[in-house]
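Engineer: return a 3D structure for these sequence lines:
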Amino acid sequence: MTEDQVSPPIIPDGKTVIVGVSGSIAAYKSADLVSEIRRAGAEVFVVMTESATKFISSLTLGTLSRNPVLVSMWEEERGWQPGHIELADRADVLLVAPATANQVGNFANGCAPDALSSIYLATRADVILAPAMNGKMYEHPATCDNLDKLRARGGVVIEPEEGELACGYEGVGRMASNARILDEILARLKGEG
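Structural biologist: Sure, this is the predicted structure:
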């Protein structure tokens with residue numbers, strides 16, 4: 001069993017986790033993460049940015065979450081209430097993993113060009129971000145400022161890990177392990193965060 005394949009903690013009944021997946025090579029890790037969160041007992045809905053679909057399919061994440069995946073607000077046709085607002089209202093936790101510099105910037109500056117950032121603006125749930133990007137991007141003053149804004153608003157940032165990055169560099173920027181992310185979700189859902 002690897003560090004990302006841990007026995008998940010038990011999530012309290014009736015809890016919903018919205019998993020936002022943005023366009024990073026680390027998006028492939030969201031498949032195991034979605035599966036682990038669901039097996040731990042939460043209802044899971046996935047929201048993907050268009051760029052995330054270039055790294056992993058909505059079919060994969062829909063199958064693992066056992067719920068439809070929202071990619072575009074233009075595809076919302078399920079009822080009278082806009083799907084992104086319905087998901088924002090249902091969320092007990094909004095997890096964004098991976099969180100790219102672009103998505104962090106959208107959140108920090110109140111921009112809503114996609115379903116995921118619209119859900120962020122509409123939800124009152126706890127927000128957890130697991131950044132994944134090149135170390136230079138992560139350490140850039142703009143990214144640091146944006147993350148500080150989100151922390152000041154109550155967002156939780158699970159710091160990325162050091163190691164080999166997709167670009168070939170060594171350094172900080174790898175998305176946190178699923179075990180760390182699951183621990184934070186559980187703490188939030190139990191009111192310990």
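
Engineer: I'd say residue 131 and residue 139 touch.
Structural biologist: No - using CB atoms under 8 Å, residue 131 is not in contact with residue 139, being 10.9 Å away. All C-beta atoms are positioned from the backbone trio N, CA, C, and that covers glycine.

Engineer: higher neighbour count, these two?
Structural biologist: residue 131 (28 against 13; other CB atoms under 10 Å).

Engineer: grab the nearest non-local neighbour of that one.
Structural biologist: For residue 131, ignoring the flanking residues on the chain, the nearest one in space by CB to CB, 6 or more residues apart in numbering is residue 99 at 4.8 Å.

Engineer: burial of that neighbour, as a residue count?
Structural biologist: Residue 99, neighbours per other CB under 10 Å, totals 30.

Engineer: what does residue 70 give?
Structural biologist: Burial of residue 70 is recorded as 26 neighbouring residues (other CB under 10 Å).

Engineer: residue 115 versus that one, what's the distance?
Structural biologist: Per CB to CB, to the nearest Å, residue 70 is found 5 Å from residue 115.

Engineer: can you list the strands that the worst-scoring helix or strand of the chain on mean pLDDT pairs with?
Structural biologist: The least trusted helix or strand in the chain, going by mean pLDDT, DSSP states H and E, turns out to be strand 170-174, with a mean of 72. In the sheet, strand 170-174 lines up against strand 161-164 (antiparallel) (DSSP bridges).

Engineer: so for the partner strand, what's the average pLDDT?
Structural biologist: Strand 161-164 shows a mean pLDDT of 74.

Engineer: partners of the residue most central in space within the chain in the sheet?
Structural biologist: Centroid-nearest residue in the chain: residue 96, 1.5 Å away (criterion: CA atoms, centre = their mean). Under DSSP bridges, the beta-bridge partners of residue 96 are residue 20, residue 129.

Engineer: if I pick it, what's in contact with it?
Structural biologist: Contacts for residue 96 (CB atoms under 8 Å, 6 or more residues apart in numbering) come out as 19, 20, 21, 22, 103, 107, 116, 120, 127, 128, 129, 130.

Engineer: ok, which stretches of the protein are helices?
Structural biologist: For the chain, applying DSSP state H gives helices covering 29-39, 58-65, 83-90, 101-108, 115-122, 135-139, 141-152, 178-189.

Engineer: out of these, flag the one nearest residue 48.
Structural biologist: helix 58-65 (5.9 Å; CB to CB).

Engineer: spit out the contact partners of residue 175.
Structural biologist: So residue 175 contacts 24, 26, 29, 97, 98, 130, 131, 132, 160, 161 (CB under 8 Å, 6+ apart).
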